[in-house]
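In: this is a predicted model, with the sequence first.
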Amino acid sequence: MLNYQRIYIIGFMGSGKTTAGKKLASLLGWSFVDLDKEIEEYSGKTIPEIFSQNGEDHFRKVESSVLKNFKNETNIVVSTGGGTPCNGDNMNYMLKTGLTIYLKLTPGQLKSRLVEAKADRPLIKDLNNNELLRFIEDKLSIREKWYNLAEITFDGIDLDINSKKSIILGYLKT
């Protein structure tokens, strides 16, 4: 019998993982962690600096290491990066150590959220709008095989965490 004491929020960049994670942690009376913020604190660099100075491979190694730093934490909600579940054994690790929730959006919905935030996101900062949509479609088609392993999938548009609380509590008590 599982007794979840950790929740991982996963999904593509721009899907609302941080917003939903903060709300969920508040509802549960748990701590909240934004994995990207933890990576920045750990490395002393912003995510864009890590990508530009050290590359994506280095970033992914740091990301996996920081993710696993929470192995002894309980009553915690972790908002992951969009690529976190897709690298190394991260998704298996999250499935073994907590409840995973996938916030699902369509490529068009993601594009509309990301078009104004491109400058802050290393993987999309230099793309025009058509390239952005193609990038999202391509990455999402690859990443969804990991995202779809989550125990819970919620539609990320207009997500009301309060209305999903009973579903989440049902999983936490199994």
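Out: Looks like it arrived, so ask away.

In: what is the subsequent helix or strand relative to the helix ranked longest in the chain?
Out: Counting by DSSP state H, the longest helix found in the chain is helix 47-68. As assigned by DSSP states H and E, the chain's next helix or strand after helix 47-68 is strand 76-79.

In: list the pairing partners of that next one within its sheet, with orientation.
Out: Its sheet considered, strand 76-79 pairs with strand 6-10 (parallel), strand 31-34 (parallel) by DSSP bridges.

In: now find how far off-centre the shortest one is within its chain.
Out: Mean C-alpha position of strand 31-34 versus that of the full chain (Cα atoms, centre = their mean, to the nearest Å) differs by 12 Å.

In: any weak-confidence spans in this structure?
Out: Where the chain drops to pLDDT under 70, the residues are 1-3, 174.

In: the longest helix of the chain versus strand 6-10: what angle between them?
Out: Interaxial angle, helix 47-68 versus strand 6-10 (axes from the mean of the first three to the mean of the last three Cα atoms, to 10 degrees): 150 degrees.

In: list the buried residues of helix 47-68.
Out: 47, 50-51, 59-60, 62-63, 66-67 (16 or more other Cβ atoms under 10 Å). (Glycine included, C-beta is placed from N, CA and C.)

In: equivalent analysis for stretch 84-102, please.
Out: In stretch 84-102, counting by 16+ other Cβ under 10 Å, buried: 84-88, 90-91, 93-95, 97-102.

In: if we take those residues, which one ends up nearest to residue 21?
Out: Nearest to residue 21 among the buried residues of stretch 84-102 is residue 101, at 8.9 Å by Cβ to Cβ.

In: does the closest one touch residue 4 like I think?
Out: No. In this structure, residue 101 is not within contact of residue 4 by Cβ atoms under 8 Å, at 10.7 Å.

In: hang on, the earlier thing: of the buried residues of stretch 84-102, which belong to helices?
Out: 90-91, 93-95, 97.

In: which one of those residues is nearest to residue 117?
Out: For these, the nearest to residue 117 is residue 90 (23.5 Å; Cβ to Cβ).

In: from residue 53, how far out is that closest one?
Out: 22 Å (Cβ to Cβ, to the nearest Å).

In: same check, this time on residue 47
Out: Plainly put, residue 47 is 11 Å away from residue 53 if you go by Cβ to Cβ.

In: residue 46 now?
Out: 10 Å.

In: repeat that for residue 5.
Out: 36 Å.
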